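Q: Just the structure for this:
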Amino acid sequence: MTIENNKKLLDYAKYLWLKEKKFIPPTQEEIDAYCRETGICVEASRFIDYYTSIGWKIGKNPMKDWQAAVRSWYAKNKARSENADN
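A: Numbers count the residues shown, from 1 in each chain. Modelled structure (predicted):
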């Protein structure tokens, strides 16, 4: 293993450790993958833009679980869509 590979491995391990300790906003790819896994369809770019604009907070509290936020986002959009159809 080269020094460069060791550095990349340590950087990735640090990233994983920090991700457990501190909220790291998801990438569009992570949201898209989560949507494919769960069958939930949300527009990842709008989700990211919205939560970036409000500092990744839920109300006054920092976001802790972006997957839960995606599920809530989906449920709210679905309810709005159903109400608009009536």
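
Q: Quick one: neighbours of residue 83, just the number.
A: For residue 83, the neighbour count with other C-beta atoms under 10 Å is 8. C-beta here means a position set from N, CA and C on the backbone, and glycine is covered the same way.

Q: so how far is residue 77 from it?
A: Separation of residue 83 from residue 77 (C-beta to C-beta, to the nearest Å): 11 Å.

Q: and the next element down the chain from the helix or strand bottoming out on mean pLDDT in the chain?
A: Within the chain, confidence by mean pLDDT, DSSP states H and E is lowest for helix 3-21 among all helices and strands, at a mean of 71. Moving toward the C-terminus from helix 3-21, the first helix or strand encountered (DSSP states H and E) is helix 28-38.

Q: what's in contact with the helix or strand that comes right after that following helix?
A: Remark: after helix 28-38, the chain's next helix or strand is helix 44-53, criterion DSSP H and E. For helix 44-53, the surrounding residues in contact (C-beta atoms under 8 Å, 6 or more residues apart in numbering) are 25, 26, 28, 31, 32, 35, 57, 63, 66, 69, 70, 73.

Q: again, 7 Å this time
A: 28, 31, 32, 63, 69, 70, 73 (C-beta atoms under 7 Å, 6 or more residues apart in numbering).

Q: which residue is nearest the middle of the protein?
A: residue 26 (3.6 Å; C-alpha atoms, centre = their mean).

Q: and the closest residue to it other than its chain neighbours, how many neighbours?
A: Leaving aside its chain neighbours, residue 26 sits nearest to residue 66 (4.8 Å; criterion: C-beta to C-beta, 6 or more residues apart in numbering). Counted by other C-beta under 10 Å, the residues lying close to residue 66 total 20.
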